[in-house]
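Asker: Next comes the sequence, and after it the predicted model I'd like to discuss.
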Amino acid sequence: MISLSQLSKQLSEPNKPFDSWQPTHCGSLPMVINDQGQWFYAGSEITRPAMVKLFASVLCKEGEQFYLKTPVEKIAITVEDAPFIIVAWRFENTEQGQVLCCIDNLDRQWLISAEQPIYIQDYKDAAVPYIQLPYGCCARVARSVFYQWAEIAQTDKQGCFITSAGEPFYLS
């Protein structure tokens, strides 16, 4: 059995070793992340940002199921679409050139790269960009962000794209 101090240390690490954690599946919680990125427990919205960030820090997707996963337990929850929404962005200058830095609804930052690419998926009968995040999670790009990207996008034979870290990421 793991101690509370060990668990606390593991949960505070920015990159959790989800692959090495093999907890027992403990059933499911009446927790839902709606399609707007809002978190609910038993029908009541979780409004404390620190609590949502804590839950988000242990969220992963295995197969088609989302879980809250710790070293000692794994609990299924419901996610209506993407658990996170990209609500802002900026470019950062790096040695690899400009990198698109996306900010999600929990104020976390994600760099667009081959490891965290933009991909297109159907959402409410429209082709919408998403960002692949660690541990099987993703973030849907908010419409306002998409329109801002569309204004600066380049085009080629394959469609509209935005460049990050020297690579094109298509928006259509």
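Answerer: Done, it's in. Numbering: from 1, shown residues only.

Asker: Check whether Thr155 really touches Phe161, as I assumed.
Answerer: Yes. Counting by C-beta atoms under 8 Å, Thr155 touches Phe161, with 7.4 Å between them. Backbone N, C-alpha and C define where each C-beta goes, glycine included.

Asker: The two: which has the busier surroundings?
Answerer: More crowded of Thr155 and Phe161, by other C-beta atoms under 10 Å: Phe161, with 18 against 11.

Asker: That one and Gln132: what is the separation?
Answerer: 16 Å (C-beta to C-beta, to the nearest Å).

Asker: just Ala165 next, same as before
Answerer: When Ala165 is compared with Gln132 (using C-beta to C-beta), they lie 14 Å apart.

Asker: Ok, Leu171 next?
Answerer: In terms of C-beta to C-beta, Leu171 sits 15 Å off from Gln132.

Asker: Same check on Leu54?
Answerer: For Leu54, the distance to Gln132 - C-beta to C-beta - is 23 Å.

Asker: what do you get for Pro168?
Answerer: Taking C-beta to C-beta, one finds Pro168 at 16 Å from Gln132.

Asker: do the same with Phe18
Answerer: 15 Å.

Asker: More neighbours: which of the two?
Answerer: Between Phe18 and Gln132, counted using other C-beta under 10 Å, the more crowded position is Phe18 (19 against 16).

Asker: for that one, what are its contacts?
Answerer: 60, 69, 135 (C-beta atoms under 8 Å, 6 or more residues apart in numbering).

Asker: if I pick the nearest residue to the second one once chain neighbours are set aside, what's in contact with it?
Answerer: This points to Lys69. Spatial nearest neighbour of Lys69, chain neighbours left out: Cys60 (5.1 Å); criterion: C-beta to C-beta, 6 or more residues apart in numbering. Neighbour list for Cys60: 18, 66-67, 69, 135-137 [criterion: C-beta under 8 Å, 6+ apart].

Asker: Identify, from the residues you listed, the entry nearest to Ala127.
Answerer: Cys137 (20.3 Å; C-beta to C-beta).
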